[in-house]
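S.K.: could you look at this predicted model? Sequence included:
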Amino acid sequence: LDSAIDLLFSADKPSLELRFFGGEPMMEWERIQHGIERATSLCHGRDIRFMITTNGYALTEDRIRWLADYPVHIQVALDGLPEAHNRHRRSIVPGEQSYDNSAIDKAHLIHELGLDYDVIQVVHPARINEFVEDFVHIVDNGFRWIQINWAHNMMWADKHLTAFAEGLNRISGELRSRWDEGQTVWLTNLDEVLQTVRNNREITVDWDGAVYANNAVLYRPASADALRLGEQLVLFQTLQTQRASIVELF
């Protein structure tokens, strides 16, 4: 972690970002605190921001309050109604419902403290006919910034794509209706321009110190050796040709 932060600050850019990804990064809460505090102490006038992607299990009130004192963006995984979240984000504990441990009840506190966030709603083809209701459920529980992602590594038939398009059209009507009522709901996908190939270009550092040029290793773990740039010891040599303004840890 310290070496990755040194790597980040070796960039000569005025704006930097440190991202904690996973797995579930909040399982290492003390290290997240250490990383945020250390990077903040090194910024010396430069703009530093942080991002944490979490399933919400360990997003307690005390931790939310601590994070709100820093320029942190939280990405919260929340797929909608209990039947959606429990099915596609199953707990490893037998009999435990993941929805009951999610961040579904944290919207009010997050807004009260002004913590920057968005909710990541992943749409599974098996849930394609209900994902609009899942979206509405998230909004009705107080969340205002939502990103809709389609499930990777799943077979999407033509009927699923058609239903997805129809659902997005319904969501557009839902948004317009809420805007007319003065609500500030926003679909963050609307801020993007669709690209042919989407892949993060951030330098990515694994927990064991392995360094990758981007996060493709998350989707192609069998190709990890081929995608690997090297170890922490060669980070600064790597940066002679590729300087990163964003470093992602997973």
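M.R.: That came in fine, so what should we check first?
S.K.: a strand runs through residue 18, doesn't it?
M.R.: Yes: per DSSP: H, G, I helix; E, B strand; the rest coil, residue 18 lies within a strand segment.
S.K.: following element in sequence after the helix or strand residue 204 falls within, please.
M.R.: Assigned by DSSP states H and E, residue 204 falls within strand 203-205. Next along the chain after strand 203-205, taking DSSP H and E as the criterion, comes strand 211-212.
S.K.: do I have it right that residue 167 meets residue 131?
M.R.: Yes: judged on CB atoms under 8 Å, residue 167 makes contact with residue 131 at a distance of 5.5 Å. (C-beta placed from N, C-alpha, C; glycine too.)
S.K.: please name the strands paired to the strand holding residue 204 in the sheet, noting orientation.
M.R.: strand 211-212 (antiparallel), strand 246-249 (parallel) (DSSP bridges).
S.K.: picking up where we left off before, more neighbours, residue 167 and residue 131?
M.R.: More crowded of residue 167 and residue 131, by other CB atoms under 10 Å: residue 131, with 26 against 20.
S.K.: for that one, give me its contacts.
M.R.: Counting by CB atoms under 8 Å, 6 or more residues apart in numbering, residue 131 touches 80, 84, 121, 123, 148, 164, 167.
S.K.: can you flag the weakest of the strands paired with strand 203-205 by average pLDDT?
M.R.: Of all the strands paired with strand 203-205, mean pLDDT reaches its minimum on strand 246-249 (a mean of 65).
S.K.: can you give me the strands for the chain?
M.R.: 15-20, 47-54, 72-77, 116-123, 145-150, 186-187, 203-205, 211-212, 228-230, 246-249 (DSSP state E).
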